[in-house]
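S.K.: Based on what follows, work out the 3D shape:
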Amino acid sequence: MSEMSTGQRGYQFNEELAIKICIGLRPEFAPGTPEYYVKLAKQCMYSDSQKRPYAYKIRYTLNNWYDIIKQSDNVDLDNEDVDNEDANNENSDSDNEDADIIKRQFLAMVKELQTTLPKHPNIIYTSKIINTQKISNAIKTALASKPIATTIPLVSQSEEKALAGVHHANFFWLKWYYS
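M.R.: Predicted coordinates:
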């Protein structure tokens, strides 16, 4: 999605770049990229796949933006009142205001986009075999140097259940004894 924003194709592939991506490197977006677009793109790039939006949500969002922009015949792009900062403005809760921001930001960005993207001379645009073992080992080494937050239980779950049963039995014995 950043390629659409910057007008530049991806980087030349190398193993160092693959490792950086696995550790958390994400692409930058061009100045002036609509905030709604950047927010969606960042959601799509979460390292935790469970936090990424589903394809139908992305499609719905893009179709919604398309419909908003398609109805933009009356938008004054020369009006400087709305810019990327307005997308974060908490006072613009209304759907109409959001739609107006989306129209202005996307239509302003379209003026600046290149129609053809230059090809990077060393990028391979077809499939190739990648040595994932080397990349995997490098990632393991990088992650091994970081502390891992975890808890170690003092007793196993089965021991915990057994202790709970003993505690339960003692409670009833004490209740019977003192009654």
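
S.K.: where do the helices sit along this structure?
M.R.: In the chain, the helices defined using DSSP state H lie at 2-6, 15-23, 35-44, 55-70, 95-112, 132-144, 157-178.

S.K.: quick check: angle from the fourth one to helix 35-44?
M.R.: Angle of helix 55-70 versus helix 35-44, following axes from the mean of the first three to the mean of the last three CA atoms, to 10 degrees, is 170 degrees.

S.K.: Tell me which other helices or strands helix 55-70 touches.
M.R.: For helix 55-70, the packing partners by 3 or more CB pairs under 8 Å, 6 or more residues apart in numbering; DSSP states H and E come out as helix 35-44, helix 95-112. C-beta: built from backbone N, CA, C; applies to glycine.

S.K.: and Ala138, which of the ones you listed is closest to it?
M.R.: helix 35-44 (24.9 Å; CB to CB).

S.K.: Flag every buried residue along that closest one.
M.R.: Glu35, Tyr36, Tyr37, Val38, Leu40, Ala41 (16 or more other CB atoms under 10 Å).

S.K.: pLDDT weak spots in the chain?
M.R.: By pLDDT under 70, the low-scoring segments of the chain are 1-13, 72-95, 111-128, 146-179.

S.K.: Dihedrals phi and psi, the residue nearest to Val38 when sequence neighbours are not counted?
M.R.: Computed as CB to CB, 6 or more residues apart in numbering, the closest residue to Val38 that is not its neighbour in sequence is Phe29, at 5.2 Å. As for Phe29, its main-chain torsions (degrees, to the nearest 10) stand at phi -110, psi 150.

S.K.: ok, how many other residues are close to Phe29?
M.R.: Neighbourhood size, Phe29 [other CB atoms under 10 Å]: 18.

S.K.: For Tyr36, see how far away it is.
M.R.: Applying CB to CB, to the nearest Å, the value for Phe29 to Tyr36 is 12 Å.
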